[in-house]
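Student: Mind looking at a prediction? Sequence and model below.
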Amino acid sequence: MAIQRDILGIGGRIETGEGPNVEEYNQIDPHILACFPPDRYPVDLYRWREDIQSLSPVYRVGRQVDRRLRERVLVMSEQGTLFFSRNQIAQYAACVACDLNTALDDPNLTWDEKGLVFVGELSRRQDEFFAHPMSRELDSLTRAIADFCIHLVEDSRRMSIVAHHLHCDLAPERRRINGSLMALAVYLHLHKGEIMLEMLETVALGFFVYDIGMTRVSPMMIARPNQLTPSEQRTMREHPRFGLDILSRLNLTRPEIREPVSQHHERLNGTGYPAGLSGDAIGRLGRIAAVADSYSAMVTGKAVRQGIAPINAAAELVGNERHYDQTVCRALVRFLQTVPSTLEPA
(Lines give C-alpha, C1' and ligand atoms only; values in the text may rest on other atoms or scores of the structure.)
Protein backbone atom coordinates (compact mmCIF):
# COMPACT_ATOMS: atom_id res chain seq x y z
CA MET A 1 0.00 0.00 0.00
CA ALA A 2 1.25 3.50 -0.78
CA ILE A 3 0.01 6.79 0.57
CA GLN A 4 0.87 10.38 -0.14
CA ARG A 5 0.93 12.86 2.69
CA ASP A 6 2.78 16.05 3.35
CA ILE A 7 5.18 15.65 6.24
CA LEU A 8 2.73 17.09 8.79
CA GLY A 9 -0.23 14.93 7.82
CA ILE A 10 -3.31 15.70 5.77
CA GLY A 11 -3.83 19.39 6.39
CA GLY A 12 -0.47 20.94 7.14
CA ARG A 13 2.33 21.75 4.73
CA ILE A 14 5.88 22.94 5.09
CA GLU A 15 6.73 25.34 2.32
CA THR A 16 10.30 25.34 1.02
CA GLY A 17 12.02 27.32 -1.70
CA GLU A 18 11.16 24.52 -4.14
CA GLY A 19 7.47 24.21 -3.33
CA PRO A 20 5.44 22.06 -0.91
CA ASN A 21 7.38 19.29 0.79
CA VAL A 22 5.27 16.29 -0.20
CA GLU A 23 6.49 12.73 0.07
CA GLU A 24 5.17 9.32 -0.90
CA TYR A 25 5.28 6.60 1.72
CA ASN A 26 5.20 2.85 1.20
CA GLN A 27 4.29 0.06 3.54
CA ILE A 28 6.91 -2.34 4.95
CA ASP A 29 5.75 -5.91 5.51
CA PRO A 30 7.44 -8.44 7.87
CA HIS A 31 9.37 -10.16 5.07
CA ILE A 32 10.99 -6.87 4.09
CA LEU A 33 11.63 -5.94 7.72
CA ALA A 34 13.51 -9.23 8.14
CA CYS A 35 16.05 -7.99 5.56
CA PHE A 36 16.92 -4.96 7.69
CA PRO A 37 20.00 -5.11 9.93
CA PRO A 38 18.76 -5.80 13.47
CA ASP A 39 20.82 -3.09 15.17
CA ARG A 40 20.26 -0.09 12.86
CA TYR A 41 17.57 0.30 10.22
CA PRO A 42 18.50 1.78 6.81
CA VAL A 43 15.51 4.16 6.54
CA ASP A 44 13.36 6.35 8.73
CA LEU A 45 10.21 4.56 9.87
CA TYR A 46 6.70 5.91 10.36
CA ARG A 47 3.50 4.53 11.87
CA TRP A 48 0.12 5.19 10.29
CA ARG A 49 -2.28 6.39 12.97
CA GLU A 50 -5.86 5.91 11.97
CA ASP A 51 -7.17 8.10 14.80
CA ILE A 52 -5.52 11.23 13.41
CA GLN A 53 -5.24 10.07 9.79
CA SER A 54 -1.53 10.83 9.73
CA LEU A 55 1.95 9.33 9.95
CA SER A 56 3.97 9.59 13.14
CA PRO A 57 7.77 9.14 13.25
CA VAL A 58 8.89 5.90 14.91
CA TYR A 59 12.58 5.65 14.07
CA ARG A 60 15.32 7.88 12.62
CA VAL A 61 18.32 6.54 10.73
CA GLY A 62 21.40 6.30 12.94
CA ARG A 63 19.63 5.32 16.14
CA GLN A 64 20.55 2.09 17.84
CA VAL A 65 17.67 -0.41 17.73
CA ASP A 66 16.99 -2.13 21.05
CA ARG A 67 14.86 -5.21 21.66
CA ARG A 68 11.78 -3.22 22.69
CA LEU A 69 11.81 -1.07 19.53
CA ARG A 70 12.46 -4.12 17.37
CA GLU A 71 9.39 -5.89 18.78
CA ARG A 72 7.26 -2.77 18.44
CA VAL A 73 8.24 -2.24 14.83
CA LEU A 74 7.56 -5.89 14.01
CA VAL A 75 4.02 -5.61 15.38
CA MET A 76 3.44 -2.50 13.25
CA SER A 77 4.62 -4.29 10.10
CA GLU A 78 2.33 -7.26 10.87
CA GLN A 79 -0.60 -4.84 11.32
CA GLY A 80 0.19 -3.04 8.05
CA THR A 81 0.87 0.31 9.73
CA LEU A 82 4.65 0.58 9.19
CA PHE A 83 5.85 2.89 6.39
CA PHE A 84 8.99 4.46 4.94
CA SER A 85 9.51 7.45 2.65
CA ARG A 86 10.40 6.80 -0.98
CA ASN A 87 12.85 9.66 -0.66
CA GLN A 88 15.05 6.95 0.87
CA ILE A 89 14.37 4.33 -1.81
CA ALA A 90 18.07 3.93 -2.69
CA GLN A 91 18.96 2.91 0.87
CA TYR A 92 15.88 0.69 1.03
CA ALA A 93 16.70 -1.09 -2.26
CA ALA A 94 20.31 -1.70 -1.24
CA CYS A 95 19.11 -3.37 1.94
CA VAL A 96 16.41 -5.65 0.50
CA ALA A 97 18.82 -6.76 -2.25
CA CYS A 98 20.31 -9.18 0.31
CA ASP A 99 17.29 -11.41 -0.41
CA LEU A 100 16.75 -11.41 -4.17
CA ASN A 101 13.35 -13.12 -4.09
CA THR A 102 12.04 -10.71 -1.47
CA ALA A 103 13.30 -7.74 -3.46
CA LEU A 104 11.69 -8.97 -6.67
CA ASP A 105 8.34 -9.52 -4.96
CA ASP A 106 8.46 -6.12 -3.30
CA PRO A 107 5.71 -3.86 -4.74
CA ASN A 108 7.61 -0.81 -3.46
CA LEU A 109 10.31 -1.24 -6.11
CA THR A 110 9.89 -0.22 -9.74
CA TRP A 111 11.47 -2.36 -12.46
CA ASP A 112 14.22 0.25 -12.79
CA GLU A 113 15.04 -0.25 -9.11
CA LYS A 114 14.74 -4.02 -9.40
CA GLY A 115 17.08 -3.90 -12.39
CA LEU A 116 19.68 -2.21 -10.21
CA VAL A 117 19.15 -4.88 -7.56
CA PHE A 118 19.68 -7.59 -10.21
CA VAL A 119 22.93 -6.03 -11.41
CA GLY A 120 24.28 -5.87 -7.87
CA GLU A 121 23.20 -9.38 -6.92
CA LEU A 122 24.35 -11.02 -10.16
CA SER A 123 27.69 -9.25 -9.83
CA ARG A 124 28.10 -10.42 -6.23
CA ARG A 125 27.29 -14.03 -7.01
CA GLN A 126 29.47 -14.02 -10.12
CA ASP A 127 32.38 -12.67 -8.06
CA GLU A 128 31.82 -15.36 -5.44
CA PHE A 129 31.89 -18.05 -8.12
CA PHE A 130 35.07 -16.68 -9.69
CA ALA A 131 36.71 -16.52 -6.25
CA HIS A 132 35.64 -20.10 -5.46
CA PRO A 133 34.52 -22.00 -8.59
CA MET A 134 32.76 -24.72 -6.64
CA SER A 135 29.32 -26.33 -6.81
CA ARG A 136 27.76 -24.26 -4.03
CA GLU A 137 28.78 -20.95 -5.61
CA LEU A 138 27.69 -22.19 -9.02
CA ASP A 139 24.25 -23.10 -7.67
CA SER A 140 23.89 -19.65 -6.14
CA LEU A 141 24.82 -17.95 -9.42
CA THR A 142 22.55 -20.26 -11.43
CA ARG A 143 19.53 -19.46 -9.23
CA ALA A 144 20.02 -15.72 -9.66
CA ILE A 145 20.40 -16.14 -13.42
CA ALA A 146 17.18 -18.20 -13.55
CA ASP A 147 15.25 -15.45 -11.72
CA PHE A 148 16.73 -12.84 -14.05
CA CYS A 149 15.81 -14.80 -17.17
CA ILE A 150 12.20 -15.17 -16.02
CA HIS A 151 11.91 -11.39 -15.84
CA LEU A 152 13.52 -10.98 -19.26
CA VAL A 153 11.19 -13.49 -20.90
CA GLU A 154 8.25 -11.57 -19.45
CA ASP A 155 9.54 -8.40 -21.14
CA SER A 156 12.84 -8.34 -23.04
CA ARG A 157 12.80 -4.51 -23.01
CA ARG A 158 13.86 -4.70 -19.39
CA MET A 159 17.36 -5.48 -20.61
CA SER A 160 17.71 -1.88 -21.79
CA ILE A 161 17.13 -0.64 -18.24
CA VAL A 162 19.74 -3.07 -16.93
CA ALA A 163 22.23 -1.91 -19.57
CA HIS A 164 21.63 1.68 -18.54
CA HIS A 165 22.78 0.78 -15.03
CA LEU A 166 25.84 -0.97 -16.49
CA HIS A 167 26.91 2.11 -18.40
CA CYS A 168 26.53 4.24 -15.28
CA ASP A 169 29.43 2.35 -13.68
CA LEU A 170 32.33 1.44 -15.96
CA ALA A 171 34.94 0.91 -13.25
CA PRO A 172 37.58 -1.78 -13.97
CA GLU A 173 36.12 -4.17 -11.42
CA ARG A 174 32.80 -4.10 -13.29
CA ARG A 175 34.22 -5.33 -16.60
CA ARG A 176 33.26 -8.97 -15.97
CA ILE A 177 29.60 -8.39 -15.10
CA ASN A 178 29.28 -5.77 -17.84
CA GLY A 179 30.66 -8.13 -20.48
CA SER A 180 28.38 -10.96 -19.37
CA LEU A 181 25.22 -8.86 -19.39
CA MET A 182 26.06 -7.18 -22.71
CA ALA A 183 26.54 -10.62 -24.29
CA LEU A 184 23.13 -11.64 -23.00
CA ALA A 185 21.62 -8.40 -24.28
CA VAL A 186 22.96 -8.99 -27.79
CA TYR A 187 21.72 -12.59 -27.75
CA LEU A 188 18.24 -11.41 -26.78
CA HIS A 189 18.28 -8.79 -29.52
CA LEU A 190 19.26 -11.38 -32.13
CA HIS A 191 16.56 -13.83 -31.03
CA LYS A 192 13.52 -11.62 -30.56
CA GLY A 193 10.30 -13.59 -30.47
CA GLU A 194 12.00 -16.99 -30.27
CA ILE A 195 13.30 -17.15 -26.69
CA MET A 196 12.71 -20.34 -24.72
CA LEU A 197 13.27 -19.92 -20.98
CA GLU A 198 15.28 -23.12 -20.43
CA MET A 199 17.61 -22.34 -23.34
CA LEU A 200 17.97 -18.73 -22.23
CA GLU A 201 19.05 -19.84 -18.75
CA THR A 202 21.69 -22.15 -20.24
CA VAL A 203 23.00 -19.54 -22.65
CA ALA A 204 23.07 -16.92 -19.89
CA LEU A 205 25.13 -19.20 -17.67
CA GLY A 206 27.65 -19.61 -20.48
CA PHE A 207 27.97 -15.84 -20.77
CA PHE A 208 28.34 -15.42 -17.00
CA VAL A 209 31.21 -17.92 -16.78
CA TYR A 210 32.88 -17.20 -20.14
CA ASP A 211 36.01 -15.73 -18.53
CA ILE A 212 36.30 -18.22 -15.65
CA GLY A 213 39.69 -19.41 -16.93
CA MET A 214 41.20 -16.09 -15.81
CA THR A 215 40.98 -17.39 -12.24
CA ARG A 216 43.94 -19.65 -13.10
CA VAL A 217 46.07 -16.69 -14.21
CA SER A 218 48.20 -14.82 -11.65
CA PRO A 219 46.47 -11.61 -10.45
CA MET A 220 49.84 -9.86 -10.60
CA MET A 221 50.09 -10.73 -14.29
CA ILE A 222 46.57 -9.48 -14.97
CA ALA A 223 47.16 -6.18 -13.17
CA ARG A 224 50.57 -5.45 -14.69
CA PRO A 225 50.42 -2.19 -16.68
CA ASN A 226 53.44 -2.94 -18.88
CA GLN A 227 53.61 -5.52 -21.68
CA LEU A 228 53.78 -9.19 -20.75
CA THR A 229 56.78 -11.36 -21.56
CA PRO A 230 56.38 -13.99 -24.33
CA SER A 231 56.07 -16.69 -21.67
CA GLU A 232 53.40 -14.74 -19.82
CA GLN A 233 51.53 -14.08 -23.05
CA ARG A 234 51.43 -17.82 -23.75
CA THR A 235 50.02 -18.44 -20.27
CA MET A 236 47.42 -15.71 -20.74
CA ARG A 237 46.34 -17.18 -24.07
CA GLU A 238 45.64 -20.50 -22.39
CA HIS A 239 42.96 -19.13 -20.06
CA PRO A 240 40.05 -20.29 -22.30
CA ARG A 241 41.41 -23.86 -21.98
CA PHE A 242 41.74 -23.39 -18.23
CA GLY A 243 38.10 -22.36 -18.24
CA LEU A 244 37.05 -25.54 -20.03
CA ASP A 245 38.91 -27.59 -17.41
CA ILE A 246 36.93 -25.87 -14.65
CA LEU A 247 33.65 -26.50 -16.48
CA SER A 248 34.52 -30.19 -16.87
CA ARG A 249 35.26 -30.49 -13.17
CA LEU A 250 31.83 -29.01 -12.45
CA ASN A 251 30.18 -31.31 -15.01
CA LEU A 252 29.11 -28.37 -17.19
CA THR A 253 29.12 -30.13 -20.54
CA ARG A 254 26.44 -28.41 -22.60
CA PRO A 255 27.89 -26.73 -25.70
CA GLU A 256 25.92 -23.52 -25.05
CA ILE A 257 27.97 -23.08 -21.87
CA ARG A 258 31.34 -24.24 -23.19
CA GLU A 259 31.32 -22.30 -26.47
CA PRO A 260 31.59 -18.78 -25.01
CA VAL A 261 34.32 -19.98 -22.64
CA SER A 262 36.44 -21.54 -25.36
CA GLN A 263 35.84 -19.06 -28.20
CA HIS A 264 35.54 -15.53 -26.77
CA HIS A 265 39.08 -14.70 -27.95
CA GLU A 266 38.83 -16.37 -31.37
CA ARG A 267 38.69 -14.06 -34.39
CA LEU A 268 37.10 -14.59 -37.80
CA ASN A 269 40.40 -14.31 -39.69
CA GLY A 270 42.09 -16.96 -37.51
CA THR A 271 44.33 -14.61 -35.53
CA GLY A 272 42.64 -15.30 -32.19
CA TYR A 273 43.35 -17.89 -29.50
CA PRO A 274 43.61 -20.49 -28.10
CA ALA A 275 42.80 -22.64 -31.15
CA GLY A 276 43.18 -20.10 -33.97
CA LEU A 277 39.69 -20.89 -35.25
CA SER A 278 38.35 -18.95 -38.24
CA GLY A 279 35.12 -18.39 -40.14
CA ASP A 280 32.35 -20.90 -39.59
CA ALA A 281 34.44 -22.84 -37.07
CA ILE A 282 33.50 -20.14 -34.55
CA GLY A 283 29.98 -20.59 -33.22
CA ARG A 284 27.32 -17.91 -32.82
CA LEU A 285 27.65 -17.80 -29.03
CA GLY A 286 31.43 -17.57 -29.32
CA ARG A 287 31.05 -14.64 -31.73
CA ILE A 288 28.64 -12.86 -29.37
CA ALA A 289 30.99 -13.37 -26.41
CA ALA A 290 33.91 -12.02 -28.47
CA VAL A 291 32.05 -8.82 -29.35
CA ALA A 292 30.69 -8.28 -25.83
CA ASP A 293 34.06 -8.96 -24.19
CA SER A 294 35.86 -6.57 -26.53
CA TYR A 295 33.18 -3.89 -26.12
CA SER A 296 33.32 -4.16 -22.34
CA ALA A 297 37.13 -3.93 -22.40
CA MET A 298 37.01 -0.83 -24.62
CA VAL A 299 34.50 1.16 -22.56
CA THR A 300 35.90 0.14 -19.17
CA GLY A 301 38.69 2.21 -17.69
CA LYS A 302 42.04 0.80 -16.61
CA ALA A 303 44.88 2.06 -14.45
CA VAL A 304 46.83 3.16 -17.54
CA ARG A 305 43.96 4.56 -19.65
CA GLN A 306 40.39 5.72 -19.58
CA GLY A 307 37.65 3.82 -21.31
CA ILE A 308 36.40 5.16 -24.63
CA ALA A 309 32.87 6.38 -25.26
CA PRO A 310 30.30 3.65 -26.07
CA ILE A 311 29.54 5.21 -29.47
CA ASN A 312 33.24 5.06 -30.41
CA ALA A 313 33.63 1.49 -29.16
CA ALA A 314 30.59 0.36 -31.15
CA ALA A 315 31.85 2.11 -34.29
CA GLU A 316 35.25 0.46 -33.96
CA LEU A 317 33.72 -3.00 -33.70
CA VAL A 318 31.43 -2.43 -36.68
CA GLY A 319 34.42 -1.37 -38.76
CA ASN A 320 36.49 -4.45 -37.90
CA GLU A 321 34.91 -7.12 -40.07
CA ARG A 322 38.12 -9.17 -40.21
CA HIS A 323 37.83 -9.96 -36.49
CA TYR A 324 34.18 -9.68 -35.52
CA ASP A 325 30.87 -10.96 -36.86
CA GLN A 326 29.19 -7.88 -38.28
CA THR A 327 25.68 -9.23 -37.73
CA VAL A 328 26.53 -9.39 -34.03
CA CYS A 329 28.17 -5.96 -34.06
CA ARG A 330 25.16 -4.35 -35.72
CA ALA A 331 22.88 -6.05 -33.19
CA LEU A 332 24.99 -4.50 -30.45
CA VAL A 333 24.56 -1.05 -32.00
CA ARG A 334 20.80 -1.50 -32.41
CA PHE A 335 20.50 -2.61 -28.80
CA LEU A 336 22.56 0.33 -27.55
CA GLN A 337 20.15 2.63 -29.34
CA THR A 338 17.43 1.41 -26.96
CA VAL A 339 19.50 2.26 -23.88
CA PRO A 340 19.00 5.82 -22.56
CA SER A 341 22.01 8.06 -23.29
CA THR A 342 24.32 5.15 -24.19
CA LEU A 343 25.27 6.32 -27.68
CA GLU A 344 25.59 9.97 -26.81
CA PRO A 345 29.20 11.21 -26.98
CA ALA A 346 30.87 11.39 -23.56
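Tutor: On my side now, so go ahead. Residues are numbered from 1 along each chain as shown.
Student: buried set for the helix or strand that contains Gln91?
Tutor: Per DSSP states H and E, Gln91 falls inside helix 89-96. Neighbour-count burial for helix 89-96, counted by 16 or more other Cβ atoms under 10 Å, picks out Ile89, Tyr92, Ala93, Cys95, Val96. C-beta: built from backbone N, CA, C; applies to glycine.
Student: would a markdown table of the residues you listed with distance to Pro57 and pLDDT be doable?
Tutor: Formatted as a markdown table, those follow (distance: Cβ to Cβ, whole Å; pLDDT from 0 to 100):
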| residue | distance to Pro57 | pLDDT |
| --- | --- | --- |
| Ile89 | 18 | 86 |
| Tyr92 | 17 | 89 |
| Ala93 | 22 | 84 |
| Cys95 | 19 | 84 |
| Val96 | 21 | 83 |
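Student: before we move on, back to that, pull the residues that contact the helix holding Gln91.
Tutor: With contact meaning Cβ atoms under 8 Å, 6 or more residues apart in numbering, helix 89-96 is reached by 32, 35-37, 42-43, 61, 84, 102-103, 106, 108-109, 113, 116-117, 120.
Student: thinking again about what came up before, show me which of the buried residues of helix 89-96 is closest to His165.
Tutor: For those, the closest approach to His165 (Cβ to Cβ) belongs to Ala93, at 11.7 Å.
Student: any idea how far Val65 is from the closest one?
Tutor: 20 Å (Cβ to Cβ, to the nearest Å).
Student: Over to Glu71?
Tutor: Distance from Glu71 to Val65, by Cβ to Cβ: 10 Å.
Student: Pick out whichever of these two has more residues nearby.
Tutor: Taking other Cβ atoms under 10 Å, Glu71 and Val65 do not tie; Val65 has more neighbours (16 against 10).
Student: gap between the residue nearest to that one when sequence neighbours are not counted and Ser123?
Tutor: Once flanking residues are discounted, Val65 sits nearest to Asp39: 5.5 Å by Cβ to Cβ, 6 or more residues apart in numbering. Distance, Asp39 to Ser123, using Cβ to Cβ: 26 Å.
Student: and these two? which has more neighbours close in?
Tutor: Ranked by neighbour count (other Cβ under 10 Å), Asp39 and Ser123 place Ser123 first, with 20 against 10.
Student: What's the first helix or strand after the helix or strand that contains that one?
Tutor: For Ser123, the host element (DSSP H and E) is helix 111-131. Beyond helix 111-131 on the C-terminal side, the first helix or strand identified by DSSP H and E is helix 135-154.
Student: Doesn't Trp48 lie inside a helix?
Tutor: No - Trp48: not assigned to a helix; according to DSSP: H, G, I helix; E, B strand; the rest coil it is strand.
Student: State the number of residues packed around it.
Tutor: Other residues close to Trp48 by other Cβ under 10 Å number 20.
Student: Give me the distance between it and Gln79.
Tutor: The value you get for Trp48 to Gln79, if Cβ to Cβ is used, is 9 Å.
Student: Also Leu244?
Tutor: The value you get for Leu244 to Gln79, if Cβ to Cβ is used, is 56 Å.
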